[in-house]
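**Student:** this one's sequence-less:
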């Protein structure tokens with residue numbers, strides 16, 4: 001019975017973690033490591049992860065690059081409605097007829 005309560009407690013702790021924190025942990029990074037990569041304080045990261053503040057667009061782009069996820073995914077994890085934003089299309093070279 002004790003083992004079941006430990007598992008339940010572990011699962012409830014996972015549910016309490018924010019999507020940004022889970023993404024950071026899935027990347028195997030600590031806040032000091034993120035600080036080193038993108039140059040923002042651990043306090044600022046904690047505020048983002050708790051929902052107390054939102055990262056700037058530049059920081060969202062840096063986090064997306066660091067965690068290897070799309071900007072659309074990052075915005076969705078931050079709680080923004082991305083349903084009307086189209087998915088990225090494969091890039092193409094401009095043709096002479098585009099003028």
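**Tutor:** Happy to help now that I have it. This is a predicted model, so every value here is computed, not measured.
**Student:** How about the secondary structure of residue 60?
**Tutor:** With DSSP: H, G, I helix; E, B strand; the rest coil as the basis, residue 60 sits in helix.
**Student:** The residue nearest to it when sequence neighbours are not counted: neighbour count?
**Tutor:** Setting aside the residues directly before and after it, residue 60 is nearest to residue 74 in space (CB to CB, 6 or more residues apart in numbering), at 5.1 Å. In short, each C-beta sits where N, CA and C put it, glycine included. If you count neighbours by other CB atoms under 10 Å, residue 74 ends up with 24.
**Student:** Quick check: residue 61 vs residue 38, distance?
**Tutor:** Here residue 61 is placed at a distance of 10 Å from residue 38 (CB to CB, to the nearest Å).
**Student:** mind listing what residue 70 touches?
**Tutor:** 64, 88 (CB atoms under 8 Å, 6 or more residues apart in numbering).
**Student:** Starting from residue 23, give me the distance back to it.
**Tutor:** With CB to CB as the criterion, residue 70 and residue 23 are 12 Å apart.
**Student:** same question, residue 48
**Tutor:** Using CB to CB, residue 48 is found at 11 Å from residue 23.
**Student:** Understood, closing this out.
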